[in-house]
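Show me how the following folds:
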Amino acid sequence: LLPSHHPPGSTQTRTTQQPSSDQPSGQTGRSVRPSGTWQLAGYITEPGWQAQLGSGSYVDQLTCPTTTTCYSAGPDLGVAQDSLPETQFVLTVTHNRGATWQQSLLPPDGTSFMGFTCPTTTTCMVPAVNGYNPAPGYMFTTVDGGQSWTSLPLPGGDVSLVQLSCATTSVCVAVESQDNPMENVVYFTTDAGHDWTASAFSATFVPDIGSADDLQCFPNGRCISAGTSTSSAVQNTASMIYSTDGGATWESSTEPSVQSDADVMSCADAKHCVSIEAMTQHDGMQNTTGVLVTDDGGQSWSASPADGLAAANGLSPLTFDAISCPTTTQCWASGEAGGSPKFDSNVPTQGQLMATADGGQSWHTEQLPAVQDATLQGVTSVSCPTATYCFAGAESLSGQQIMLSNDDASSFANPKVGTRTATG
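Okay, here's the model as predicted:
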């Protein structure tokens, strides 16, 4: 929900994977369970949250379709970003619970990934846009767990933001923020992105395209989209819509009035979703305003006062970047607390990870480890494929990228804290 921190990269070498298609190059109670103590991996073997060095990129986005496989995307830490005219992003993958990461997809400079959608354990799609120059978007697809990728152009014209959710390997919905003219447009495909058909939202619904997971679709045809309302009567309030036919048509949901201009949403299945709502203040920071929950596939929503969604140590405000709900009752939400009301990057924030075991009615703060005796600056992403395994991307105060995990059965290899080895 906040602009990403993009720490300068190192000057380590990297290898480039060639595109695998004929598209233009590169376009190709309150406790969930005992929190335990977060520690550096290799120093403990007991269950609980642990930390290890990151994936080689700033972890803007993270998804784990299984308990062993995770994908991470963000600015490449293997290059000196300050020397490039445009930010270089990279997508990495692990198949051994984060012990090692491999470079999986390297797009042209300036290409930004916009989240993941994985309809199977080996098939994932990633939408991408050019963050610097107006251009059409692309959809990258892997069917072999990230070993290779193909690409297809997304429909419409020049886009600045894209949401993508694929219910199956062939059925997907894309929501685009188009540049000329400036409008939000929704499309659906039934042939894996070769052909797209335009659909339509309500005129008063504005999708929160900046939050990748605010669009979620399922094999039974159900899609749920979270956003805000432009109606004069309920302006700057949360608004939800849903589809029962794979995005071909949409209906407005019934939800209580909750102030909101941004949110993060996760659905455990086609019926149960949790959305944390937030409102941007005059100083540019965000305040959590409530939690919305549905158990009927988005047709109706109920509000929770968000008991426990307060930053630890008295820091405020608390801003959420991601949420993951592996079951109908359990969710983890990542973000940061504190910071400057004037977006002063020199004012440190503190990483936060919140958890609920009652479907969003109450929350508690997970204890995070210190890295080299310093608190984490932010927890930028979280993905929980099961109720007993979660993975999260975090940033230390020095800008070091850290991967956090809670797996009751795992232990990681000893990382060399303070060093990073480029992989490719």
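
Give the buried residues for stretch 384-401.
The neighbour-count check on stretch 384-401 (16 or more other C-beta atoms under 10 Å) flags 384-385, 388-397, 400-401 as buried. Yep, even glycine has a C-beta here, placed from its N, CA and C like the rest.

three-state assignment of residue 82?
At residue 82 the chain is in helix, as set by DSSP: H, G, I helix; E, B strand; the rest coil.

Near the nearest residue to residue 58 once chain neighbours are set aside, how many other residues are there?
Distance criterion C-beta to C-beta, 6 or more residues apart in numbering; nearest residue to residue 58, sequence neighbours excluded, is residue 74 at 3.8 Å. Residues contacting residue 74 under the criterion other C-beta atoms under 10 Å number 27.

What about residue 180, how many residues nearby?
9.

Now it: phi and psi?
Note on residue 180: its backbone torsions stand at phi -140, psi 100 [degrees, to the nearest 10].

Do you know the pLDDT at residue 8?
Looking at residue 8, its pLDDT reads 31.

which ones are touching residue 375?
Neighbour list for residue 375: 350-351, 368, 397 [criterion: C-beta atoms under 8 Å, 6 or more residues apart in numbering].

So which of those residues is surrounded by the most neighbours?
In terms of neighbours by other C-beta under 10 Å, those top out with residue 351 at 26 neighbours.

For it, name its beta-bridge partners.
Beta-bridge partners for residue 351, by DSSP bridges, are residue 336.

What does the pLDDT read for residue 385?
For residue 385, the model assigns a pLDDT of 94.

Now it. Nearest residue, chain neighbours left out?
For residue 385, ignoring the flanking residues on the chain, the nearest one in space by C-beta to C-beta, 6+ apart is residue 64 at 4.8 Å.

ok, now residue 405?
Closest to residue 405 by C-beta to C-beta, 6+ apart is residue 391, at 5.2 Å.

surely that neighbour meets residue 379?
No. The criterion here is C-beta atoms under 8 Å, and residue 391 misses it with residue 379 at 11.1 Å.

Spit out the residues that contact the two alike.
By C-beta under 8 Å, 6+ apart, residue 391 and residue 379 have these common neighbours: residue 404.

quick one: the nearest residue to residue 304 once chain neighbours are set aside and residue 306, what's the gap?
Nearest residue to residue 304, sequence neighbours excluded (C-beta to C-beta, 6+ apart): residue 291, at 4.1 Å. Computed with C-beta to C-beta, to the nearest Å, the distance linking residue 291 and residue 306 is 5 Å.

These two: which has the busier surroundings?
Higher neighbour count among residue 291 and residue 306: residue 291, with 28 against 22, using other C-beta under 10 Å.

quick one: secondary structure of the more buried one?
strand.

that older thread, report the beta-bridge partner residues of the residue nearest to residue 58.
residue 90.

For residue 392, see how far away it is.
Where residue 392 is concerned, residue 74 sits at a distance of 13 Å (C-beta to C-beta).

gap between the longest strand seen in the chain and the chain center?
Using DSSP state E, we find that the single longest strand of the chain is strand 376-386. For strand 376-386, the separation from the chain centroid amounts to 9 Å (computed by C-alpha atoms, centre = their mean, to the nearest Å).

swap in stretch 61-80?
The chain centre lies 11 Å from the centre of stretch 61-80; the measure is C-alpha atoms, centre = their mean.

mind checking the end-to-end distance for it?
Start-to-end span of stretch 61-80 (C-alpha to C-alpha, to the nearest Å) is 21 Å.

for stretch 72-82, same thing?
22 Å.

Please identify the buried residues of that stretch?
72-79, 81.

Mind picking the lowest-pLDDT entry from those?
The lowest pLDDT within those belongs to residue 81, with 68.

related to what we said a few turns ago, tell me the one of the buried residues of stretch 384-401 nearest residue 285?
Of all these, residue 285 sits closest to residue 395, with 18.2 Å by C-beta to C-beta.

So which other helices or strands are in contact with whatever helix or strand the closest one lives in?
Taking DSSP states H and E as the definition, one finds residue 395 inside strand 389-396. Using 3 or more C-beta pairs under 8 Å, 6 or more residues apart in numbering; DSSP states H and E, the elements in contact with strand 389-396 are strand 61-63, strand 70-75, strand 331-338, strand 349-356, strand 376-386, strand 401-407.

hang on, the earlier thing: can you report phi and psi for the residue nearest to residue 385?
Per-residue torsions, residue 64: phi -130, psi 100 (degrees, to the nearest 10).

Flag the shaky bits of this structure, pLDDT-wise.
1-49, 53-57, 81, 83-85, 232-235, 282-284, 311-316, 339-348, 373, 407-424 (pLDDT under 70).

quick revisit: can I get the helices and strands packed on strand 389-396 in JSON lines with distance to residue 185?
Output for these, formatted as JSON lines (distance: least, C-beta to C-beta, whole Å):
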{"stretch": "strand 61-63", "distance to residue 185": "22"}
{"stretch": "strand 70-75", "distance to residue 185": "24"}
{"stretch": "strand 331-338", "distance to residue 185": "29"}
{"stretch": "strand 349-356", "distance to residue 185": "34"}
{"stretch": "strand 376-386", "distance to residue 185": "27"}
{"stretch": "strand 401-407", "distance to residue 185": "35"}
